[in-house]
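Novice: need the 3D shape of this:
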Amino acid sequence: MMNWTVVAALDLAAAVMLGAFGAHGLKDRLSLDQLKWWETATHYFFFHALGLLVLSVMIRLYPALSLRIPAGLLQLGIVLFCGSLYVMALGAPRWLGAVTPLGGLAFISAWLLLAWQARTL
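Specialist: Next up, the predicted model:
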């Protein structure tokens with residue numbers, strides 16, 4: 001069984017490292033557009049990793065709710081949405097931007113599924 005608290009904590013540590021790397025290591029190497037992609041990826045990474053941390057607590061508090069799927073969708077969204085922006089910022093082909101909305105859909109699906117599951121609380 002996945003320990004979502006561990007995953008969220010590792011995500012948050014990675015978000016800090018990637019944010020710092022972008023702010024200090026890449027600012028003189030990337031274009032303004034590339035830096036904006038990096039910044040957007042880092043913001044979404046933080047927000048959704050924090051959301052995953054909250055879900056990990058909810059999974060323990062409300063074991064009757066099916067919250068593992070929303071947790072998995074948040075992690076999938078982090079990988080697809082943030083990951084595609086990070087690699088494009090580093091010079092990957094722009095067609096990879098087609099993956100970014102799939103990550104956004106995973107985020108939206110996770111939050112809607114959480115709302116659906118939490119309606120009984």
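Novice: distance of the spatially most central residue of the chain from G103?
Specialist: In the chain, the residue lying closest to the centroid (Cα atoms, centre = their mean) is I78, at 2.7 Å. Distance, I78 to G103, by Cβ to Cβ, to the nearest Å: 7 Å. To be clear about C-beta, it is placed using only N, CA and C from the backbone, and glycine gets the same treatment.
Novice: ends of stretch 91-108, what's the gap?
Specialist: 27 Å (Cα to Cα, to the nearest Å).
Novice: would you mark the buried spots in that stretch?
Specialist: V99, T100, G103, A106, F107 (16 or more other Cβ atoms under 10 Å).
Novice: hang on, the earlier thing: ok, the residue nearest to the centre of the chain - contacts?
Specialist: D11, Y44, F45, H48, A49, L52, G103 (Cβ atoms under 8 Å, 6 or more residues apart in numbering).
Novice: check which helix or strand covers the fourth one.
Specialist: Think H48. helix 32-61 (DSSP states H and E).
Novice: same deal with S66?
Specialist: With DSSP H and E as criterion, S66 is part of no helix or strand.
Novice: phi first, then psi, for it.
Specialist: phi -90, psi 80 (degrees, to the nearest 10).
Novice: could you report the neighbour count for the residue lying closest to it once chain neighbours are set aside?
Specialist: Closest residue in space to S66, ignoring its immediate chain neighbours: Q117 at 5.8 Å, by Cβ to Cβ, 6 or more residues apart in numbering. The number of residues packed near Q117 is 17, by other Cβ atoms under 10 Å.
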